[in-house]
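Chemist: Model the following, please.
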Amino acid sequence: GMGELHLDVYVERMKRVTHDGLDISDDGFTFQAGKDIEGFEIELTNRAQSLGGSVKNDRGEPQKEYTVVVFPEDSDKWKLTAANRWLHIARPAQQGNYKVANLPAGTYLAIAMEYVPQGEWQDPEWLKRAVQKATRVTVSEGANATLDLKLAGS
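Modeler: Purely as a prediction, here's the structure:
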């Protein structure tokens with residue numbers, strides 16, 4: 001018969017990339033032809049951060065239909081590319097809770113709304129308005145942070 005194969009999956013994620021001591025994880029780097037590339041450091045980690053929780057309405061009743069937007073407190077990070085690792089949207093799972101996995105450690109703002117128009121949560125103008133009703137949360141390295149939210153009016 002077939003023997004069983006057991007694999008220990010050791011997931012490494014990029015933590016940061018630096019060039020001459022400067023963090024370029026989000027900004028990237030422009031390579032010039034014919035120039036030697038040195039001074040790069042890629043730091044990996046097997047620790048992942050997540051954020052999750054429940055959403056309730058004004059009367060304290062658990063909600064099962066909502067959208068949570070999690071975005072960095074630092075507004076400079078709002079304008080990053082489409083593959084922005086700091087900006088996430090989450091829908092409720094079967095039990096009604098939301099979860100955002102693979103967040104870089106840092107300080108975030110989170111807001112739960114009944115409805116968020118497609119793609120609008122990536123617009124810095126939308127995020128600027130969302131700040132007023134959002135809740136601040138710090139996600140530390142290796143932590144699975146919990147944040148229960150109240151549904152914010154649109």
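Chemist: so where do the strands sit in this protein?
Modeler: Here the chain has its strands, by DSSP state E, at 13-19, 22-23, 40-45, 49-53, 55-56, 67-72, 88-90, 98-103, 106-113, 135-139, 144-146, 149-152.
Chemist: Which secondary structure elements does the longest one sit against?
Modeler: Contacts defined by 3 or more CB pairs under 8 Å, 6 or more residues apart in numbering; DSSP states H and E place strand 106-113 against strand 67-72, strand 135-139, strand 149-152. For every residue, glycine as well, the C-beta is placed using N, CA and C.
Chemist: Please list the residues outside it that contact it.
Modeler: Applying CB atoms under 8 Å, 6 or more residues apart in numbering, the contact partners of strand 106-113 are 51, 55, 63, 66-74, 86, 98, 130-131, 133-139, 147, 149-152, 154.
Chemist: what lines up beside that strand in the sheet?
Modeler: strand 67-72 (antiparallel), strand 135-139 (antiparallel), strand 149-152 (parallel) (DSSP bridges).
Chemist: in the shortest one, what's buried?
Modeler: Spelled out, that is strand 149-152. Leu149, Leu151, Ala152 (16 or more other CB atoms under 10 Å).
Chemist: for Phe40, which residues make a bridge with it?
Modeler: His19.
Chemist: Could you single out the most deeply buried of the strands paired with strand 106-113?
Modeler: Highest mean neighbour count among the strands paired with strand 106-113 (mean count of other CB atoms under 10 Å): strand 67-72, with a mean of 22.
Chemist: What angle do strand 98-103 and that one make with each other?
Modeler: Relative orientation of strand 67-72 versus strand 98-103 (axes from the mean of the first three to the mean of the last three CA atoms, to 10 degrees): 30 degrees.
Chemist: Return the angle between stretch directions for strand 67-72 and strand 49-53.
Modeler: Using the same axes, to 10 degrees: strand 67-72 against strand 49-53 is 140 degrees.
Chemist: which residues are in contact with strand 67-72?
Modeler: So strand 67-72 is contacted by 51, 55, 78, 86-91, 98, 100, 103, 106-116, 121, 127, 130, 134, 149 (CB under 8 Å, 6+ apart).
Chemist: re earlier: Thr30 is nearest to which of the strands of the chain?
Modeler: strand 13-19 (10.6 Å; CB to CB).
Chemist: Go through that closest one and flag the buried ones.
Modeler: By 16+ other CB under 10 Å, the buried positions in strand 13-19 come out as Val17.
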